[in-house]
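# After the sequence you'll find the predicted model.
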Amino acid sequence: KHLHRVFTDNLKLGGRYYGPMWQMFSEELRKHLFIDGYPVAELDYSGLHLRMLYHLEGMDYTGDPYGFGSRQERPYLKLVSLVMINKKTRQGLLRAMKKTFAANQLEIPPDEYIEHMVARFDGFHDRISRYFCSDIGLKLQHLDSQITSGIWDYFLARGIPVLPIHDSEIVAEPDEDELYEGMKE
(Lines give C-alpha, C1' and ligand atoms only; values in the text may rest on other atoms or scores of the structure.)
Protein backbone atom coordinates (compact mmCIF):
# COMPACT_ATOMS: atom_id res chain seq x y z
CA LYS A 1 0.00 0.00 0.00
CA HIS A 2 1.02 3.57 -0.52
CA LEU A 3 1.70 6.08 2.21
CA HIS A 4 -1.09 8.64 2.37
CA ARG A 5 -2.57 11.16 4.77
CA VAL A 6 -6.04 10.80 6.24
CA PHE A 7 -7.91 13.96 7.20
CA THR A 8 -11.33 14.20 8.83
CA ASP A 9 -13.76 16.89 7.66
CA ASN A 10 -11.03 19.43 6.83
CA LEU A 11 -7.26 19.82 6.48
CA LYS A 12 -6.82 20.83 10.13
CA LEU A 13 -8.25 17.63 11.62
CA GLY A 14 -6.25 14.43 11.43
CA GLY A 15 -3.69 14.23 8.67
CA ARG A 16 -1.74 11.29 10.00
CA TYR A 17 0.11 9.08 7.54
CA TYR A 18 -1.32 5.61 6.89
CA GLY A 19 -0.96 2.73 4.47
CA PRO A 20 2.47 1.12 4.43
CA MET A 21 2.90 -2.47 5.58
CA TRP A 22 5.34 -1.68 8.41
CA GLN A 23 2.61 0.27 10.23
CA MET A 24 0.57 -2.93 10.45
CA PHE A 25 3.41 -4.89 12.03
CA SER A 26 3.63 -5.26 15.80
CA GLU A 27 6.45 -3.41 17.54
CA GLU A 28 8.16 -6.78 18.03
CA LEU A 29 7.93 -7.65 14.33
CA ARG A 30 9.18 -4.20 13.24
CA LYS A 31 12.46 -4.95 15.05
CA HIS A 32 13.18 -7.48 12.30
CA LEU A 33 13.02 -4.96 9.46
CA PHE A 34 16.13 -3.88 7.57
CA ILE A 35 16.86 -0.64 5.73
CA ASP A 36 19.75 -0.66 3.26
CA GLY A 37 20.93 -3.96 4.79
CA TYR A 38 21.01 -2.61 8.36
CA PRO A 39 18.74 -3.57 11.23
CA VAL A 40 16.38 -0.76 12.21
CA ALA A 41 16.02 1.49 15.23
CA GLU A 42 12.66 2.90 16.28
CA LEU A 43 12.24 5.93 18.52
CA ASP A 44 8.96 7.32 19.75
CA TYR A 45 7.55 10.33 21.52
CA SER A 46 6.29 8.83 24.77
CA GLY A 47 2.85 10.11 25.76
CA LEU A 48 2.93 12.52 22.83
CA HIS A 49 -0.64 13.80 22.94
CA LEU A 50 -0.61 14.26 26.71
CA ARG A 51 2.65 16.19 26.46
CA MET A 52 1.19 18.28 23.64
CA LEU A 53 -1.75 19.22 25.87
CA TYR A 54 0.65 20.36 28.58
CA HIS A 55 2.53 22.43 26.00
CA LEU A 56 -0.75 24.02 24.88
CA GLU A 57 -1.10 25.17 28.49
CA GLY A 58 2.45 26.56 28.49
CA MET A 59 3.83 23.74 30.67
CA ASP A 60 6.66 21.31 29.99
CA TYR A 61 5.79 17.82 31.18
CA THR A 62 8.88 15.66 31.66
CA GLY A 63 7.58 12.82 33.83
CA ASP A 64 6.00 9.54 32.91
CA PRO A 65 2.38 10.37 32.02
CA TYR A 66 1.32 6.88 33.14
CA GLY A 67 3.66 6.70 36.15
CA PHE A 68 0.90 6.94 38.73
CA GLY A 69 -0.28 3.39 38.01
CA SER A 70 1.14 -0.05 38.50
CA ARG A 71 3.09 -1.86 35.82
CA GLN A 72 0.03 -4.00 35.11
CA GLU A 73 -2.15 -0.89 34.73
CA ARG A 74 0.16 0.84 32.25
CA PRO A 75 -1.40 -0.62 29.06
CA TYR A 76 -4.83 0.28 30.42
CA LEU A 77 -3.79 3.83 31.32
CA LYS A 78 -2.38 4.38 27.84
CA LEU A 79 -5.77 3.40 26.42
CA VAL A 80 -7.60 5.51 29.02
CA SER A 81 -5.60 8.51 27.75
CA LEU A 82 -6.41 7.62 24.14
CA VAL A 83 -10.15 7.45 24.83
CA MET A 84 -10.14 10.56 27.04
CA ILE A 85 -8.35 12.61 24.36
CA ASN A 86 -10.46 11.40 21.44
CA LYS A 87 -13.94 11.22 22.93
CA LYS A 88 -16.26 14.18 22.33
CA THR A 89 -18.16 13.96 25.64
CA ARG A 90 -18.11 11.91 28.82
CA GLN A 91 -21.38 10.29 27.84
CA GLY A 92 -20.77 6.61 27.15
CA LEU A 93 -17.20 6.83 28.50
CA LEU A 94 -17.37 3.51 30.34
CA ARG A 95 -18.67 1.73 27.24
CA ALA A 96 -15.91 3.30 25.11
CA MET A 97 -13.25 2.17 27.60
CA LYS A 98 -14.53 -1.41 27.57
CA LYS A 99 -14.66 -1.46 23.77
CA THR A 100 -11.10 -0.10 23.54
CA PHE A 101 -9.75 -2.60 26.09
CA ALA A 102 -11.41 -5.47 24.20
CA ALA A 103 -10.09 -4.24 20.84
CA ASN A 104 -6.59 -4.27 22.34
CA GLN A 105 -7.08 -7.78 23.72
CA LEU A 106 -6.99 -6.68 27.35
CA GLU A 107 -9.14 -8.25 30.02
CA ILE A 108 -12.03 -5.93 30.85
CA PRO A 109 -11.93 -4.94 34.53
CA PRO A 110 -15.11 -4.37 36.58
CA ASP A 111 -16.93 -1.08 35.91
CA GLU A 112 -15.95 0.33 39.31
CA TYR A 113 -12.28 -0.26 38.60
CA ILE A 114 -12.49 1.42 35.19
CA GLU A 115 -14.23 4.40 36.79
CA HIS A 116 -11.49 4.48 39.45
CA MET A 117 -8.77 4.48 36.75
CA VAL A 118 -10.52 7.33 34.91
CA ALA A 119 -10.81 9.35 38.14
CA ARG A 120 -7.13 8.78 38.95
CA PHE A 121 -6.17 9.73 35.40
CA ASP A 122 -8.25 12.93 35.67
CA GLY A 123 -6.70 13.75 39.03
CA PHE A 124 -3.12 13.05 37.98
CA HIS A 125 -3.50 15.22 34.89
CA ASP A 126 -5.80 17.83 36.44
CA ARG A 127 -3.85 20.68 34.79
CA ILE A 128 -4.99 19.48 31.36
CA SER A 129 -8.22 17.68 32.29
CA ARG A 130 -10.32 20.37 30.60
CA TYR A 131 -9.20 18.83 27.29
CA PHE A 132 -10.43 15.35 28.19
CA CYS A 133 -13.58 14.35 26.32
CA SER A 134 -13.43 17.64 24.42
CA ASP A 135 -12.87 16.25 20.92
CA ILE A 136 -9.30 17.56 20.71
CA GLY A 137 -7.82 14.27 19.46
CA LEU A 138 -8.02 15.04 15.73
CA LYS A 139 -6.42 18.46 16.29
CA LEU A 140 -3.54 16.78 18.11
CA GLN A 141 -3.23 14.25 15.29
CA HIS A 142 -2.92 17.15 12.88
CA LEU A 143 -0.12 18.63 14.99
CA ASP A 144 1.69 15.29 15.26
CA SER A 145 1.37 14.81 11.48
CA GLN A 146 3.09 18.18 11.04
CA ILE A 147 5.87 16.97 13.35
CA THR A 148 6.21 13.85 11.19
CA SER A 149 6.41 16.01 8.06
CA GLY A 150 9.16 18.08 9.69
CA ILE A 151 11.11 14.94 10.52
CA TRP A 152 10.78 13.78 6.92
CA ASP A 153 12.07 17.13 5.67
CA TYR A 154 15.01 16.83 8.06
CA PHE A 155 15.92 13.36 6.74
CA LEU A 156 15.13 14.09 3.11
CA ALA A 157 17.68 16.93 3.21
CA ARG A 158 20.25 14.39 4.46
CA GLY A 159 19.30 11.58 2.04
CA ILE A 160 18.37 9.22 4.90
CA PRO A 161 15.28 6.99 4.62
CA VAL A 162 12.80 7.24 7.52
CA LEU A 163 9.59 5.26 8.06
CA PRO A 164 6.74 6.83 10.07
CA ILE A 165 4.47 5.16 12.61
CA HIS A 166 2.34 8.02 14.01
CA ASP A 167 4.30 8.95 17.15
CA SER A 168 7.45 7.01 16.27
CA GLU A 169 9.93 6.84 13.43
CA ILE A 170 12.12 4.05 12.08
CA VAL A 171 15.59 4.43 10.54
CA ALA A 172 18.55 2.15 9.84
CA GLU A 173 20.42 1.50 13.09
CA PRO A 174 23.50 3.58 12.11
CA ASP A 175 21.17 6.60 11.80
CA GLU A 176 19.60 6.26 15.27
CA ASP A 177 21.55 9.18 16.78
CA GLU A 178 20.55 11.32 13.80
CA LEU A 179 16.92 10.28 14.33
CA TYR A 180 17.13 11.35 17.97
CA GLU A 181 18.48 14.75 16.95
CA GLY A 182 15.91 15.12 14.17
CA MET A 183 13.04 14.28 16.51
CA LYS A 184 14.34 16.74 19.09
CA GLU A 185 14.58 19.47 16.48
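Cool, got the structure. From a predicted model like this one, the values you see are computed outputs, not experimental measurements.
# looking at it, Ile160 is touching Val171, isn't it?
Yes. With contact defined as CB atoms under 8 Å, Ile160 counts as touching Val171 (6.4 Å). For every residue, glycine as well, the C-beta is placed using N, CA and C.
# Now do the shared contacts for those two.
With contacts taken as CB atoms under 8 Å, 6 or more residues apart in numbering, the residues that reach both Ile160 and Val171 are Glu178.
# So those two - more neighbours on which side?
For Ile160 versus Val171, the count of surrounding residues by other CB atoms under 10 Å is larger for Val171: 25 against 17.
# so the more buried one, which of the three states?
strand (DSSP: H, G, I helix; E, B strand; the rest coil).
# Could you give the bridge partners of it?
According to DSSP bridges, the residues that bridge with Val171 are Ala41.
# roughly how far apart are it and Arg158?
Distance of Val171 to Arg158, given as CB to CB, to the nearest Å: 10 Å.
# so what's in contact with the two at the same time?
Common neighbours of Val171 and Arg158, counting by CB under 8 Å, 6+ apart, are Glu178.
# This protein: helices as residue ranges?
Per DSSP state H, the chain carries helices over the ranges 27-30, 48-56, 74-86, 93-103, 111-124, 137-156, 176-184.
# With respect to Val6, which of those lies nearest?
For the helices of the chain, proximity to Val6 was assessed by CB to CB; helix 137-156 is nearest, at 9.0 Å.
# Backbone dihedrals for the spatially most central residue of the chain, both of them.
Centroid check for the chain by CA atoms, centre = their mean gives Asp167 as the closest residue, at 4.8 Å. Backbone geometry at Asp167, expressed as degrees, to the nearest 10, gives phi -110, psi 20.
# Give the partner strands of the longest strand along the chain in its sheet and their orientations.
Longest strand of the chain, by residue count under DSSP state E: strand 10-18. Here strand 10-18 is paired, per DSSP bridges, with strand 4-8 (antiparallel).
# Give me the residues contacting the strand it pairs with.
Leu13, Gly14, Gly15, Arg16, Tyr17, Tyr18, Gly19, Leu138, His142, Ser145.
# Nearest to Asp177 among these?
Tyr17 (23.5 Å).
# In JSON lines: the helices of the chain, plus mean neighbour count and mean pLDDT.
As requested, these are exported to JSON lines (neighbours: other CB atoms under 10 Å; pLDDT from 0 to 100):
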{"stretch": "helix 27-30", "mean neighbour count": "11", "mean pLDDT": "91"}
{"stretch": "helix 48-56", "mean neighbour count": "19", "mean pLDDT": "95"}
{"stretch": "helix 74-86", "mean neighbour count": "20", "mean pLDDT": "94"}
{"stretch": "helix 93-103", "mean neighbour count": "15", "mean pLDDT": "95"}
{"stretch": "helix 111-124", "mean neighbour count": "14", "mean pLDDT": "95"}
{"stretch": "helix 137-156", "mean neighbour count": "17", "mean pLDDT": "93"}
{"stretch": "helix 176-184", "mean neighbour count": "15", "mean pLDDT": "93"}
